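**Student:** build the 3D model from these lines:
(one chain, ligands or ions: 1)
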Amino acid sequence: MNDENYIEFLKSGISINSQLGCNIGCKYCIVGEFQKNIEKNYKPIDIIEKLKQHRFYNEKIPLIINNRSEPLVPFLRMDTVNFLRLLKENHFKNPKILISKLPFGTSDYDVLNQNNVFIFRTISGMPADIEPPSNPENRRKILLENDYLKEHTDVKLIHYWRPIVRNLNASEQILENIFSEIHSHFDGSVVSGIRVTPNIKKLLEKFGGDLSDWNGDTNHKFLPQDIWNNILNIKNKINPNYLLFRHTSCIISYLNKCSDYNLHYCKTKNLKYCEICPSYHRCLNFVKNINPNELNVFFKQLGKDFQYSVSDNQILIIHSPIYQEELSFLKMVLQYKISAQNIQKSGSEEMLSHV
Ligand code: SF4
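**Tutor:** Numbers count the residues shown, from 1 in each chain. Sure thing, here's the model as predicted:
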C-alpha cells in the first residue's frame with residue numbers, strides 16, 4: 001500500500017480513508033486480503049484537503065468513507081464522524097456512503113443530517129466464525145438503531161446483502177428469514193456478489209462453503225443466478241414493493257431520481273435486472289449527446305488527450321489506452337455511453353488479480 005490508497009477511485013465512487021487495513025477478520029474480505037495490519041493514520045481534514053485537489057474529484061461522484069477498513073469500528077469511528085462533519089460543514093454535494101457491519105454507536109447523529117448520506121449495513125446470516133459481527137445481538141442493535149435513524153435523520157438506510165455463499169447462508173429458509181427480519185427497517189436492499197480469489201475460495205471451502213460454480217473471474221463479483229432468483233421470489237411474496245437492486249449505484253441513483261450513474265443499463269447482461277427495476281424507463285430512455293467542449297474539460301482534468309470518435313448512435317469510442325478508473329470517471333461525470341478498446345487495470349485491480 002502507498003499513500004495513493006488513502007484516496008482511491010473505485011467503480012462506485014471515490015474511497016476516502018484515514019486508515020488502511022482491518023482486523024475484524026471476516027474470512028471473505030478483500031481488504032483483509034490486501035492488508036491485515038493497520039497502517040498509519042491520517043487526519044480526515046488532511047484527506048479532505050487532498051481530495052479537493054485530486055484529479056478524479058467531482059461533486060457528482062459518491063464518496064465512500066473509510067471503506068479500506070470498517071468505518072464504525074471503535075478506534076476509527078470518530079474519524080468517520082469527523083469526515084461526515086467536514087463534508088457537511090464544507091457543503092459537499094456528493095453522495096456520502098458508509099459501508100458497515102456495526103451500529104453507528106455514537107450520539108453524533110447530527111452529522112447524518114445532511115443531503116445524500118447512505119449507510120449500507122451488511123446483514124447476510126453468515127456464520128459468526130466467518131463474519132464475526134454476524135451475531136443476533138449486533139443485528140438487533142443495528143435494526144433498532146435503523147428505526148431511530150429513520151425517524152430522526154435524513155440518512156438513507158440500505159441493506160447490503162452479501163456475501164451469499166452456497167452451503168453457508170444461501171438456503172431458501174435462511175434467505176427468507178433474513179428478508180423477513182430486515183425489510184421493514186431499511187429503505188431497500190442491494191444484493192451484491194462477492195469478489196472471489198483463489199485464497200478466499202479455499203478459506204470459505206474450509207468452512208463448508210460451496211464455490212464450485214465460480215469460474216475463476218477475479219475482476220467481477222460473483223453471485224449465482226439461482227440465488228438472486230430465490231431472493232426475488234421471496235421479496236415478491238413478502239413485500240413486492242420493497243426496493244431490491246443488484247448494484248450500489250442503481251439504488252443510489254434511484255433514490256436520487258437519476259438514471260444509473262454507472263450506466264449498467266448499457267450492458268446487455270444487466271437488462272434482466274433493469275426489466276424489473278422501478279428506474280427502467282428513466283435509465284433506458286436516457287440519452288445524452290456528445291459535446292466535444294464538455295469532453296475537453298474532463299480530458300484536461302485527467303491530464304490526457306485521448307483519441308476518440310463518435311458513433312452514429314452517440315457512443316463515444318476511445319481509441320487511446322485508458323485506465324479503468326479514468327473510464328469510470330468519464331462515464332460518471334459525462335453520463336455518455338463510452339466504449340474503450342484498450343482498458344488498463346488500476347493499481348488495486350492489478351493487485352487483486354495476483355492475490
Ligand atoms: S434500470 Fe437498470 S441500470 Fe437503471 S437503476 Fe435499474 S437496474 Fe440499474
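
**Student:** what residue ranges in the stretch 51-200 of the chain score low on pLDDT?
**Tutor:** Under the criterion pLDDT under 70, no range of the stretch 51-200 of the chain is flagged.

**Student:** name the SS class of the residue of the chain most remote from its centre, please.
**Tutor:** Here the chain has its C-alpha centre computed as a mean, and the residue farthest from that point, by Cα atoms, centre = their mean, is residue 312 with 32.9 Å. Classification of residue 312 by DSSP: H, G, I helix; E, B strand; the rest coil places it in coil.

**Student:** what are the phi and psi angles of it?
**Tutor:** Note on residue 312: its backbone torsions stand at phi -60, psi -30 [degrees, to the nearest 10].

**Student:** likewise the one 5 residues further on?
**Tutor:** With angles defined as degrees, to the nearest 10, residue 317 sits at phi -110, psi 120.

**Student:** for burial, what's the neighbour tally of it?
**Tutor:** The burial metric for residue 317, expressed as a neighbour count using other Cβ atoms under 10 Å, is 14. Where you see a C-beta, it was placed from the backbone N, CA and C, and this is true even at glycine.

**Student:** that one and residue 290 touch, don't they?
**Tutor:** No - taking contact to mean Cβ atoms under 8 Å, the distance of 10.2 Å between residue 317 and residue 290 leaves them out of contact.

**Student:** need the overlap of contacts for those two.
**Tutor:** Common neighbours of residue 317 and residue 290, counting by Cβ atoms under 8 Å, 6 or more residues apart in numbering, are residue 310.

**Student:** for stretch 266-279, what does the pLDDT average out to?
**Tutor:** Confidence over stretch 266-279, taken as the mean pLDDT, stands at 92.

**Student:** ok, the closest residue to residue 194 other than its chain neighbours - contacts?
**Tutor:** Nearest-residue entry for residue 194: residue 163, 3.8 Å, with adjacent residues in sequence omitted and distances by Cβ to Cβ, 6 or more residues apart in numbering. By Cβ under 8 Å, 6+ apart, residue 163 lies in contact with 28, 124, 126, 169, 193-194.

**Student:** please apply the same query to residue 155.
**Tutor:** Per Cβ under 8 Å, 6+ apart, neighbours of residue 155: 112-113, 117-119, 149.

**Student:** just the buried members of the residues you listed?
**Tutor:** With neighbours counted by 16 or more other Cβ atoms under 10 Å, the contacts of residue 155 contain buried members at 112, 117-119, 149.

**Student:** so which of the residues you listed belong to strands?
**Tutor:** Secondary structure from DSSP state E places 117-119 of the buried ones among the contacts of residue 155 in strands.

**Student:** for those residues, which one is nearest the ligand?
**Tutor:** Distance to the ligand, by Cβ to the nearest ligand atom, is smallest for residue 118 among those, at 14.7 Å.

**Student:** the closest one against residue 84, yeah?
**Tutor:** No - proximity of residue 118 to residue 84 does not meet the contact threshold set by Cβ under 8 Å, at 11.6 Å.

**Student:** which residues do those two both contact?
**Tutor:** Listed as contacting both residue 118 and residue 84 by Cβ under 8 Å, 6+ apart are residue 96.

**Student:** what does the stretch 201-350 of the chain put close to the ligand?
**Tutor:** Within the stretch 201-350 of the chain, the positions lying close to the ligand (Cβ under 6 Å from any ligand atom) are 247, 250, 253-254, 260, 264-265, 270, 273-274, 277, 279-280, 283.

**Student:** repeat that with 5 Å
**Tutor:** If contacts are counted using Cβ under 5 Å from any ligand atom, the residues of the stretch 201-350 of the chain sitting beside the ligand are 250, 260, 264-265, 273-274, 277, 279-280, 283.

**Student:** what's the closest non-adjacent residue to the residue of the stretch 101-250 of the chain found nearest the ligand?
**Tutor:** Sorted by distance to the ligand under Cβ to the nearest ligand atom, the residues of the stretch 101-250 of the chain start with residue 250, at 3.2 Å. Leaving out its chain neighbours, the residue that sits closest to residue 250 by Cβ to Cβ, 6+ apart is residue 260, at 5.1 Å.

**Student:** right, I'll call it a day here.
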